[in-house]
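[1] Next come a sequence and a model predicted from it.
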Amino acid sequence: MSELIPPRLRDDCFAMPQGVEWVPVDEALARLRDALAPVTQTERVASAAASGRVLAADAVARRSNPPRPNSAVDGYGFAHEATGAGVQRLPLAAGRAAAGQPYDGAVPAGHAIRILTGAILPEGVDTVVLEEDCATDGRIVAFDGPVKPRANTRKAGEDVAEGALALPKGHRLRAPDLALLAALGIAEVEVVRRLRVGVLSTGDEIVGEPAEPALPHQIYDANRPMLLALAAAWGVVPVDLGHVRDDPALIEAALVRGAAEADVILTSGGASAGDEDHVSALLRAKGTLSSWRIAMKPGRPLALALWSGVPVFGLPGNPVAAFVCAAVFTRPALSLMAGAGWAEPLAVTLPAGFTKSKKAGRREYLRARIGADGRVEVFASEGSGRISGLAWATGLVELPDEAMNVAPGDPVRFLPYSGLGL
Ligand code: AMP
Ligand code: MG
């Protein structure tokens, strides 16, 4: 895949300063943001097929919207100058102006013409009165003046003028953006090449596919389907690198494949510093590893490494911790690498529907959802093995690094899954 040129990073780009023990979340985010770079390759695609893509260049209007002045309502058009206060009675010119059927004559001053929504204003018309405000016998139209000049009309280019910026570089296109591009005659856009994200699970206890049999000491791979689906939801191309046992040769082969087929690799499991933490051991021996002990719960050390120049996120094996680390760290990082800039999560402040006291020194993320009373409930257990809580939740409550006692009704920061791109 010769077009896959990953952004070049310094070998020590993820290094933490000497002596740093527990890294606060915000500092880890700032370092990650500094270390990563967007992919640079771009391609031209049809605007209609560009949903989810990131603009690599400003999109500029090729024509004005609307292209010509037109009527905003169904009614009667006339020259404002010939009207005044009190009841106005204007003779009707023959014919009508409709959308797609322009009137090719001129309307004399003091006359009116039947006009429909979206019709270009005929020569001699600058103002429209709503049909509901008129009486007519087919020869004369009568209405109460005065009417405001240019009432019920749209100016040419009042939405966007030809040559104006339609959407900026770095914008990720959504359905409404496709409407705007089409309206402005922008048939093609320059977009950033799609970011490819490899996902690898590791662990001797893991069975890769839920259709396979599992012995009592084995568990199914919960992280890989989750991380692949997160990648897809984030608009990047998921690359399934499968599951491998805790065998350095197998992990290495998977990373080699990942570096060839993806721009960034997410692994889960084996990322701590213990005997069975083969991912971090391998990255330390053959890549460039920086283990970050992030002051957050859940989330054990997050391993960040370069493998053949490709960034590797060594996520915790625990699915709850893997999800939270992916949401907090991987999502904004992938957005940056995909050319859309660092993505802050959407946070809303809501009253708590729970009681909790936390110590200072680490940030905490609780599986949460908004109850019928508009308060935020948290999952009954904070156990990090409780995957059902992730599925029960509709978002996360983020409690600050400082100590905090939450009582019912206190404001808390809620990060809806939808704001995390889910
Ligand atoms: P590790 O980070 O390898 O020490 O794993 C921490 C915990 O997460 C252990 O209980 C693992 O069995 C579990 N775990 C690791 N990978 C996965 C996975 N892909 N799916 C579900 N659980 C996992
Ligand atoms: Mg393990």
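    Yep, that arrived. Ligands and ions are numbered 1, 2, ... in the order given.

[2] Would you check how far apart residue 252 and residue 108 are?
    From residue 252 across to residue 108, the span is 85 Å (Cβ to Cβ, to the nearest Å). In this view, the C-beta of every residue, glycine as well, is placed from N, C-alpha and C.

[3] And those two? Which one has more around it.
    More crowded of residue 252 and residue 108, by other Cβ atoms under 10 Å: residue 252, with 18 against 14.

[4] Make sure that one is actually in contact with residue 285.
    No - between residue 252 and residue 285 no contact is recorded; they are 9.5 Å apart, counting by Cβ atoms under 8 Å.

[5] Kindly format the C-alpha coordinates of the worst-scoring helix or strand of the chain on mean pLDDT as CSV.
    Every helix and strand of the chain was ranked by mean pLDDT, DSSP states H and E. The lowest is strand 288-292, at a mean of 86. Output in CSV follows, covering the C-alpha atoms of strand 288-292 (Å, rounded to 0.1, in the frame of the first residue of the first chain):
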residue,chain,number,x,y,z
THR,A,288,9.4,3.2,21.1
LEU,A,289,7.2,3.0,24.1
SER,A,290,6.0,5.5,26.6
SER,A,291,3.8,4.2,29.3
TRP,A,292,1.5,6.8,30.7
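
[6] That one and ligand 1, are they touching?
    No - legend: contact between strand 288-292 and ligand 1 by Cβ under 6 Å from any ligand atom is lacking; minimum distance shown is 12.3 Å.

[7] Next secondary structure element downstream of that strand?
    Note on strand 288-292: by DSSP states H and E, the next helix or strand toward the C-terminus is strand 296-297.

[8] Strand partners (parallel or antiparallel) of that next one?
    strand 363-370 (parallel) (DSSP bridges).

[9] from the chain, which residue is nearest to ligand 1?
    Ligand 1 sits closest to residue 317 of the chain, with a gap of 2.4 Å, by Cβ to the nearest ligand atom.

[10] That residue: neighbour count?
    25.

[11] wait, doesn't it sit right on residue 203?
    Yes - Residue 317 lies in contact with residue 203 (Cβ under 8 Å); the separation is 6.2 Å.

[12] what do the two both touch?
    269-270 (Cβ atoms under 8 Å, 6 or more residues apart in numbering).

[13] Near ligand 1, which residues of the protein are found?
    Residues of the chain lying near ligand 1 (Cβ under 6 Å from any ligand atom): 201, 203, 205-206, 219, 221-223, 268-272, 316-319.

[14] In stretch 338-348, which residues are buried?
    Neighbour-count burial for stretch 338-348 flags 338-341, 343, 345, 347 (criterion: 16 or more other Cβ atoms under 10 Å).

[15] actually stretch 131-145, not the one I typed
    Quick answer for stretch 131-145 (16+ other Cβ under 10 Å): 131, 134, 136, 141-143.

[16] now, which of those lie within strands?
    Counting by DSSP state E, the part of the buried residues of stretch 131-145 found in strands is 136, 141-143.

[17] quick revisit: phi, psi of the residue of the chain closest to ligand 1?
    phi -70, psi -40 (degrees, to the nearest 10).

[18] Model confidence score at it, please.
    pLDDT for residue 317: 94.

[19] try residue 273
    At residue 273, pLDDT is 82.

[20] Quick check: the gap between it and residue 286.
    Distance from residue 273 to residue 286, by Cβ to Cβ: 16 Å.

[21] Is the top helix by length along the chain positioned near ligand 2?
    Counting residues, the longest helix found in the chain (DSSP state H) is helix 248-261. No - judged by Cβ under 5 Å from the ion, helix 248-261 stays clear of ligand 2, getting no closer than 11.2 Å.

[22] Okay, and the beta partners of residue 127?
    residue 78.

[23] Can you give the domain ranges for this structure?
    25-41+194-337, 44-64+160-192, 70-154, 348-420 (automatic domain parsing).

[24] Out of the ones you listed, which one sits most buried?
    domain 25-41+194-337 (a mean of 20; mean count of other Cβ atoms under 10 Å).
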